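**Q** sequence plus predicted model, see below.
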Amino acid sequence: MEKSSQTLLLVVLLVVAGQIDSRNLGEVDLSNEEAMSQLLDQIDATRIGNFIENMTLHPRNTQSDWMGEKEETVKQMFKDFGMDVITKKYKVLQCFPKDVDPSLTEVLNAAGEVVETYREDGNKAERILPAFNAWSKSGTVEGEPVYVNYGRKEDYDYLTKDLGMDLTGKIAIARYGKIYRGDKSKFAKQNGMIGVIIYMDAKDYAPEGVDRMPDGPALPETGIQRGTLKDGLGDPSTYLYPSTKYAYHDSPEEYQSRLPGIVVMPINFKNALPLLASLDGDEVKDEWQGAGSETLLKYKYGPGFKNGSNKKKLRITVNLEYRMVEIENIFGVIKGQQEPDRWVMMGNHRDTWVHGAVDATTGLAALNEIGHGLFKLREQGWKPRRTIVLASWGAEEQGIIGSTEFVEDYMTLLQEKMVAYINVDVAASDQKYFKPSATPNFRPLLERAAKQAGAPLDSTYGTFYEQWDTLTKEEHPELTSPKMGDLGSGSDYAAFINMAGVSCIDLTIVGPYYTYHTEYDNYHYLSNYADPGMKGTKAVAEVAAVILLELASEKLVPLDASSYSNYVNNKISSSTLEEDLAANDIDYGILKKSLAKFVENAREYEDSRSKLLEDKSRKQMDMRRFNDQMLQMERSFIYPPGLPNRPQNRHILIAPSILNSYSGSVFPGLFDSLTLAKEIDTDENWNQVKKQLTIAAWVTKAAARSLSSEVFPN
């Protein structure tokens, strides 16, 4: 046999034995470090700005004619990057303001006559819809107004418990901020209120000394925040299954129970002022005071309007129509070479409430930059180890619908093949505070990525990590490392983590975002005030690029089990859970043992993984086994029946807080049931605590077992 034939045979045998990678010998073989460097070099702030300016010329709500145009833009974008383009369409329920019978806020006198009327019209010429809160109950309600501050649970508790106010049949006037708007309306309904008006108080959105748009970043008095109210993910008419073309859709009578069930109307600050200035009652406490005006020196609680005024009742009329709309998720795919059946996905939603320069076109620009950079790498013959998917989601704004329908549709495959999901919604609403949220196994990878990205505040900091670390410790001096938050349910990662058990990360830089969900979130606002020079968006794109490339290219998936187990153990150990349970004769030991085993097995797993990396004779199957264990660890926290009364939230460890759906909480089923039992001391509630403790201990032990190499580990 000739020497060349012997060499070829040896290569084939080594590939089969898993000793070497099966790269085509004729291709340029960039190292991961070289590929990373070149990818980061491709991310360009000028191109980011040009892309966002072009994409935000017109509104992109799901009803807009321009949405179809931008869908074609995204498809062409992926094609230009040499990607395979795949689309998935779903027919989903959406709601919109009626063209006739506009929604109104009216003030009535004692005779029931209208003395003041406020309409929140859109702009038909620019195809801006009238301001509305999606999934509000349609109808007309009349009642006395009550100022409820931010509409948090503690705000309603203060009114009812401390002040002894009966809120039944009243209409709440709440200011935006602090919590998810849907929770404001949920708590109002729980307190017997029949309607809610939500406005953007100038104290929060146009602080004193900050010029208003277009001369500064602050919100004009006419600005109105749109937004959804729905509690839960996806299409409410196909709950827990996808809205495919053959799907059965529940009738209105069936899906109404999944909707807020209360009339809610957003208004601007200019129209809120005369209402607030007319309220009766005592002056509110200092922390409840808003911006005020010449006619409104001090806010009052109500209820009702001042004695002697011709104003007696408030009336809200909301007219929304529900209809089926076809939405489209668009994917750009680069097939992996060694592990094509393992998927790494990065996504962003395409729809906006109005122009949406910050939310979410900054994220779409980051997606575009990474796609461009990957195209340049592939021109040199580079291929990822695992399959890369760039996702452009439809219909996020009305309740995270497009991504949820996809996750429901492909649940089994995602749980088998998905390595991780990277979400970039708002890449940058400012250039200062990096506020990533993620499953805990992302921390080491995220920190490495931030060290390779440039700092938006580049005149002060050398790297993005330095900026993140320094500013975190200024806010939280007790922390020894930069802060990484828990995932809630505010964007397209929600279904991946909560329903499928896929490790996720959400990347964003935050700051004063005065124009959130308003018609003033446009390119002028972004380029002049939120992210001048696109430095923030560029930095987030660089972080996302490093994370994506490492996940797609490293032989061992660069997620960390010990970071996960230590975070969970420390979070529980630092709480009062053990004391609270002991005070009620409940054995905390079952969870304590499971947590200890999770920490132990994670440490042993990471030690073994480190040795495997050092082993020059390592085999592909050994690495595959370790990678599968990492994926299975996250899936272990999935409990199919879900949390109590929240069947979509199946991840027992990580789920949205019941007090604020935007934020996350750890072991929410256990802590929520404990809070309820302490408030309402019944055997039924304490039995629920015991059940949730059992489930928490069980899934934690399952996560520990997933990291073990033993057969039927303890």
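**A** That came in fine, so what should we check first?
**Q** in three-state terms, how would Ser565 be classified?
**A** helix (DSSP: H, G, I helix; E, B strand; the rest coil).
**Q** dump the residue contacts of it.
**A** Contacts here follow CB atoms under 8 Å, 6 or more residues apart in numbering; on that basis Ser565 touches Leu595, Phe598, Val599, Asn601, Ala602, Arg603, Ala703, Ala704. In short, each C-beta sits where N, CA and C put it, glycine included.
**Q** before we move on, what about Asp425?
**A** Neighbouring residues of Asp425 by CB under 8 Å, 6+ apart: Asn348, His349, Asp359, Ala360, Gly363, Glu396, Gly490, Ser491, Asp492, Asp506, Thr508.
**Q** tell me the most packed of those, by neighbour count.
**A** Neighbour count (other CB atoms under 10 Å) singles out Gly363 as the most crowded of the contacts of Asp425, with 32 neighbours.
**Q** test my guess that that one contacts Met346.
**A** No. Gly363 sits out of contact with Met346 when judged by CB atoms under 8 Å, with a separation of 9.5 Å.
**Q** overlap in contacts of those two?
**A** Going by CB under 8 Å, 6+ apart, residues that sit against Gly363 and also against Met346 are Asn423, Val424.
**Q** spatially nearest residue to Pro130 (excluding sequence neighbours)?
**A** Take Pro130 and drop its neighbours on the chain: the residue closest to it by CB to CB, 6 or more residues apart in numbering is Gly122, 4.2 Å away.
**Q** tell me the contacts of the one you found?
**A** By CB under 8 Å, 6+ apart, Gly122 lies in contact with Pro97, Ile128, Leu129, Pro130, Ala131.
**Q** taking these, tell me the two that lie furthest apart.
**A** Farthest apart among the contacts of Gly122 by CB to CB are Pro97 and Ile128. That separation is 11.0 Å.
**Q** neighbours around Ile654, how many?
**A** By other CB under 10 Å, the residues close to Ile654 number 25.
**Q** chain center to the helix or strand where Ala539 lies: distance?
**A** Taking DSSP states H and E as the definition, Ala539 sits inside helix 535-553. Put simply, helix 535-553 sits 18 Å off its chain's centre (CA atoms, centre = their mean, to the nearest Å).
**Q** what mean pLDDT does it get?
**A** Mean pLDDT, helix 535-553: 98.
**Q** kindly export it (C-alpha atoms) in CSV.
**A** Output in CSV follows, covering the C-alpha atoms of helix 535-553 (Å, rounded to 0.1, in the frame of the first residue of the first chain):
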residue,chain,number,x,y,z
LYS,A,535,-21.6,52.0,21.4
GLY,A,536,-24.0,50.2,23.7
THR,A,537,-25.6,48.1,21.0
LYS,A,538,-22.2,47.3,19.6
ALA,A,539,-20.9,46.1,23.0
VAL,A,540,-24.0,43.8,23.5
ALA,A,541,-23.5,42.4,20.0
GLU,A,542,-19.9,41.7,20.9
VAL,A,543,-20.9,39.8,24.1
ALA,A,544,-23.6,37.9,22.2
ALA,A,545,-21.1,37.0,19.5
VAL,A,546,-18.5,35.5,21.9
ILE,A,547,-21.2,33.5,23.7
LEU,A,548,-22.7,32.2,20.4
LEU,A,549,-19.4,31.3,18.9
GLU,A,550,-18.2,29.5,22.1
LEU,A,551,-21.4,27.6,22.4
ALA,A,552,-21.3,26.6,18.7
SER,A,553,-17.6,25.8,18.5
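**Q** buried stuff in it?
**A** By neighbour count on 16 or more other CB atoms under 10 Å, the buried set for helix 535-553 is 535-553.
**Q** got it, and stretch 673-683?
**A** So for stretch 673-683, counting by 16+ other CB under 10 Å, buried means Ser673, Leu674, Leu676, Ala677.
**Q** burial measure for the residue lying closest to the third one once chain neighbours are set aside, as a count.
**A** In space, Leu676 comes closest to Asn685 once its chain neighbours are excluded; the distance is 5.4 Å by CB to CB, 6+ apart. If you count neighbours by other CB under 10 Å, Asn685 ends up with 16.
**Q** by contact count, what packs against the helix or strand in which Asn685 is found?
**A** According to DSSP H and E, Asn685 maps onto helix 683-706. Under the contact criterion of 3 or more CB pairs under 8 Å, 6 or more residues apart in numbering; DSSP states H and E, helix 683-706 touches helix 561-573, helix 589-614, helix 620-635, helix 668-679.
**Q** how many neighbouring residues does Asn50 have?
**A** Asn50, neighbours per other CB under 10 Å, totals 13.
**Q** sorry, slip of the keys, the one I care about is Ser278.
**A** So Ser278, with other CB under 10 Å, has 21 neighbours.
**Q** same deal with Ser481?
**A** If you count neighbours by other CB under 10 Å, Ser481 ends up with 11.
**Q** and what of Glu144?
**A** Neighbour count of Glu144, defined by other CB under 10 Å: 17.
**Q** SS state for Thr105?
**A** Classified using three-state DSSP, Thr105 is strand.
**Q** that one reaches Pro274, doesn't it?
**A** No. The criterion here is CB under 8 Å, and Thr105 misses it with Pro274 at 10.7 Å.
**Q** more crowded one of those two?
**A** Using other CB under 10 Å as the criterion, Thr105 and Pro274 rank with Thr105 on top: 23 against 15.
**Q** how deep is the nearest residue to Pro644 once chain neighbours are set aside tucked in, by neighbour count?
**A** In space, and not counting its chain neighbours, Pro644 is closest to Gly669: 6.0 Å by CB to CB, 6+ apart. When neighbours are counted by other CB under 10 Å, Gly669 registers 25.
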